[in-house]
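>>> here's a sequence, model it:
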Amino acid sequence: MEIAVMKKELAMVLESLEGFPHPKIKLEQYVTPPSLAAEMAVNAKLIDEPRLVYDLGCGTGMLAIAASLLGMDAVGFDIDIEALKVARKNAKKVGVYVDFVACRVSDVSVKVRAVTIMNPPFGIQRRKADRPFLEKAMEISDTIYSVHSAGSEPFIRRLCEEKRFEITHLWRYSIPLKRTYSFHEKEFKHIAVEVYRLRRC
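Here you go, the predicted structure:
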């Protein structure tokens, strides 16, 4: 199957997943667009062929379910129990099993290393909110796929140098975010994001 077709068909399945019933601004909860989730999951499959992936701050399961639909075992971690209920419902809806675990990112504990695929908070509400997610991912993974706001490269590079990781790939996208909170004026807003593939040196 052609890569573009694979991504398109996966995104179409992901379109059916439910979002946050009551999104929490303090957690910066936004649904990862299906097209972006498909891009990340397919890229991970083609480059790394992981058997197991972790999704830190998985929310309603978009990335973990995308990976599972491509044949990977997936574990999603999130502090929001309400979001995890939706995530389990979403996984069942599309016929996959994902292990969803309720815990703080700082409390994530695993027995084996695996590829992490995640969309952490961008730090709009709380500066550097993405740092704990990256630090945990660097603790439990040798390879990481992570979404960040445009312009994050200097911060990512500094952290990589500190933790002995390197940036192997950097993809740039403009993604549509649906109106999620009352202060959003438009139904959709396009924002620039960067997806990094990080690898332990």
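>>> not counting its neighbours along the chain, what's nearest the residue nearest the centre of the chain?
With distances taken as C-alpha atoms, centre = their mean, the residue of the chain nearest its centroid is M118 (2.5 Å). Counting by C-beta to C-beta, 6 or more residues apart in numbering, the nearest residue to M118 once its immediate chain neighbours are dropped is L56, at 4.6 Å. Heads up, the C-betas are built off the backbone N, CA and C, glycines and all.
>>> before we move on, what about A66?
Distances taken as C-beta to C-beta, 6+ apart place A41 nearest to A66, at 3.8 Å, with adjacent residues excluded.
>>> any idea which helix or strand comes after the host helix or strand of that neighbour?
Assigned by DSSP states H and E, A41 belongs to helix 34-48. Following helix 34-48 in sequence order, the next helix or strand is strand 52-56 (DSSP H and E).
>>> tell me how far the very next helix or strand once past that next one lies from the chain's centre.
Downstream of strand 52-56, the next assigned helix or strand under DSSP H and E is helix 62-69. Chain-centre distance of helix 62-69: 9 Å, with C-alpha atoms, centre = their mean, to the nearest Å.
>>> what sits up against helix 62-69?
Contacting residues not belonging to helix 62-69 are listed as 10, 13-14, 17, 31-32, 34, 37-38, 40-41, 44-45, 50, 53, 55, 58, 74-76, 87, 90-91, 94, 96-98, 100, 117-119 [C-beta atoms under 8 Å, 6 or more residues apart in numbering].
>>> again with stretch 165-180
By C-beta under 8 Å, 6+ apart, stretch 165-180 touches 19-20, 23, 29-31, 33, 35-36, 39, 43, 47, 138, 144, 150, 153, 156-157, 159-160, 186-201.
>>> hmm, back to that, show the contacting residues for the residue nearest to the centre of the chain.
54-58, 63, 133, 137, 144-147.
>>> tell me how far the nearest residue to L46 once chain neighbours are set aside lies from P50.
In space, and not counting its chain neighbours, L46 is closest to I3: 7.0 Å by C-beta to C-beta, 6+ apart. Distance of I3 to P50, computed by C-beta to C-beta, to the nearest Å: 17 Å.
>>> cool, G95 as well?
According to C-beta to C-beta, G95 stands 20 Å off from P50.
>>> neighbour count: the two, which is higher?
Neighbours per residue, other C-beta atoms under 10 Å: of G95 and P50, the larger number sits with P50, 22 against 9.
>>> now stretch 129-148: average pLDDT?
Per-residue pLDDT values over stretch 129-148 give a mean of 97.
>>> residue numbering should commence at 351 henceforth.
In the new count, where the first residue is 351, that last one comes out as stretch 479-498.
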